[in-house]
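In: coords please:
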Amino acid sequence: MPQTLADPAHCELLIKKSRFIGCVQPMADRAGAQRVVAELWAQHPGAAHVCWALLAGGHSAAVDDGEPSGTAGRPMLDVLRHQDLECVLATVVRYFGGVKLGAGGLVRAYTDCVAQALLAARKVPIVRLRSLCCELPYALEGRVRRELESAGAVLGKVSHGATVELCFELPDDAALALKARLDETGQGRILWKDASA
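Out: Okay, here's the model as predicted:
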């Protein structure tokens, strides 16, 4: 099951006089990641590189920021993928210490920095939610509300007109079972609607 991070976690490594400052954090999209990278440049104007990797919403990015191609962003991205993470940004700020590490040394440094930060990170499962809406007679409202509560559904929009309309969200893997229970409870009197309408 894919996971994300509950909050940011940091790591700092000193390798042959080069300082690597790593961070892994939850991130929803590329625009947010680019804002974080811009902030890092503002905070670390003397840094040689700000490399980053992103897995978010089916999109990925691996940025070497001037390091030899494939020695920073891609290894960082591989660490995120290996841990089955989603909606996560990994950044590493490097201050060059005057000693070249070579391609293999750079790959190890960036990989280790992200891996060490992830050891300190609190991982949480990603729960996909499904939105559902239904229309029902007033006589069923109390029973349906109790079913929603017992299933852990979060009630959203409620409309009272000729009938009652309830919109709610719950974990995707519980949606079909709840819908079946409600159909049984309603004995054909519950009309399902498109939740996006």
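
In: for this protein, longest helix please?
Out: Determined from DSSP state H, the single longest helix within the chain is helix 102-120.

In: what's the burial count for residue 153?
Out: 21 (other CB atoms under 10 Å). C-betas here are computed from N, CA, C, even on glycine.

In: Show me where this protein has its helices.
Out: Under DSSP H, the chain gives helices at 30-43, 73-82, 102-120, 141-151, 172-186.

In: possible to save the ones you listed as TSV with mean neighbour count and distance to residue 15?
Out: Converted to TSV, those look like this (neighbours: other CB atoms under 10 Å; distance: least, CB to CB, whole Å):
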stretch	mean neighbour count	distance to residue 15
helix 30-43	14	19
helix 73-82	19	14
helix 102-120	19	5
helix 141-151	14	51
helix 172-186	14	43
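
In: gap between the longest helix of the chain and the chain center?
Out: Mean-position distance between helix 102-120 and its chain equals 21 Å (CA atoms, centre = their mean, to the nearest Å).

In: And for stretch 22-34?
Out: On CA atoms, centre = their mean, the centre of stretch 22-34 falls 9 Å from that of its chain.

In: Distance of residue 71 relative to residue 82?
Out: 17 Å (CB to CB, to the nearest Å).

In: Likewise for residue 189?
Out: The gap separating residue 189 from residue 82 is 50 Å, by CB to CB.

In: ok, now residue 59?
Out: Distance, residue 59 to residue 82, by CB to CB: 18 Å.

In: Repeat that for residue 147.
Out: Separation of residue 147 from residue 82 (CB to CB): 41 Å.

In: Kindly report the same for residue 103.
Out: Distance of residue 103 to residue 82, given as CB to CB: 20 Å.

In: Likewise for residue 39?
Out: 27 Å.

In: domain assignment for the protein?
Out: The record's domain parsing of the chain by automatic domain parsing lists 3-125, 129-193.

In: Who are the contact partners of the residue sitting nearest the centre point of the chain?
Out: A centroid search over the chain (CA atoms, centre = their mean) returns residue 87, at 2.7 Å, as the residue closest to the centre. Residues near residue 87 by CB atoms under 8 Å, 6 or more residues apart in numbering: 4, 26, 27, 28, 55, 56, 57, 126.

In: Much appreciated, bye for now.
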